[in-house]
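>>> Build me a model:
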Amino acid sequence: MLHYWDAYWDLRVKECPCDVHFLEWLKTDGLRDGAIFHFGTGSHHVVGIETATNGSNNAVLGITASPKEYDDYVKLCIERPEVARTYKAFFGDIYQLDARLMPMFDVITAFHIGEFRSEKNDAYGGLTDLEVASLMVDHLRPGGRLITYSGSYAFDVAERDVGKLVTAGRLAFVEKFETLMVFRKLA
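Below is the predicted model of the structure:
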């Protein structure tokens, strides 16, 4: 049986500010007309909504392992089709990503690396956290950014695995922005 999240996450900035900090970072960075992969949409879908309405013309592809969050995305598309033009989300297990189906991105959020991996994913051959992080880097354009969230309860996993990609010369640390750690893909 698929390992999924039988809950949802509404916008609770005091507990988990990563999406709001990401939107602030995007504004500071000035990314326009970019492609963003967002791991963990939340029921609020704030990243997709904001990028669709702020004039940046950034396109966001989000993934959620929560059926409720996906249902909320479908409702959002019906009620606000102008948002759905540049914001697409799908339901799935991040540990089942298939490289053949992944386009290239300018920015990838890896806020939740390590939070959902368990022996349940092993039952159907799920990727490891390091394999997911590596696949994400493979799908960044040269100079693209991978962003982690230092407030994650599993940040030690992200720090370890992304650190391996830094050591391997695939990424370089760029900056800390609020609770986010920003890395750049090296050529």
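>>> Which is the succeeding secondary structure element to the lengthiest strand in the chain?
Ranked by residue count, the top strand of the chain under DSSP state E comes out as strand 140-149. Remark: after strand 140-149, the chain's next helix or strand is helix 155-167, criterion DSSP states H and E.
>>> distance between that next one and the chain's centre?
For helix 155-167, the separation from the chain centroid amounts to 16 Å (computed by C-alpha atoms, centre = their mean, to the nearest Å).
>>> Packing partners of it?
Under the contact definition 3 or more C-beta pairs under 8 Å, 6 or more residues apart in numbering; DSSP states H and E, helix 155-167 sits against helix 129-138, strand 140-149, strand 171-177, strand 180-185. For the C-beta atoms, the positions are set from N, CA and C on the backbone; glycine is no exception.
>>> Give the buried residues for the longest strand of the chain.
Within strand 140-149, the residues that qualify as buried by neighbour count (16 or more other C-beta atoms under 10 Å) are 140, 144, 145, 146, 147, 148, 149.
>>> just the angle between that strand and strand 180-185, please?
Taking axes from the mean of the first three to the mean of the last three C-alpha atoms, to 10 degrees, strand 140-149 and strand 180-185 form an angle of 160 degrees between their directions.
>>> circling back: now the helices and strands packed on helix 155-167 as a markdown table including mean pLDDT?
Compiled in a markdown table, the helices and strands packed on helix 155-167 are given as follows (pLDDT from 0 to 100):
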| stretch | mean pLDDT |
| --- | --- |
| helix 129-138 | 98 |
| strand 140-149 | 98 |
| strand 171-177 | 98 |
| strand 180-185 | 98 |
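>>> name the helices or strands packed onto the lowest-mean-pLDDT helix or strand in the chain?
Among the helices and strands of the chain, helix 119-122 carries the lowest confidence by mean pLDDT, DSSP states H and E, at a mean of 92. Using 3+ C-beta pairs under 8 Å, 6+ apart as the contact criterion, no secondary-structure element is in contact with helix 119-122.
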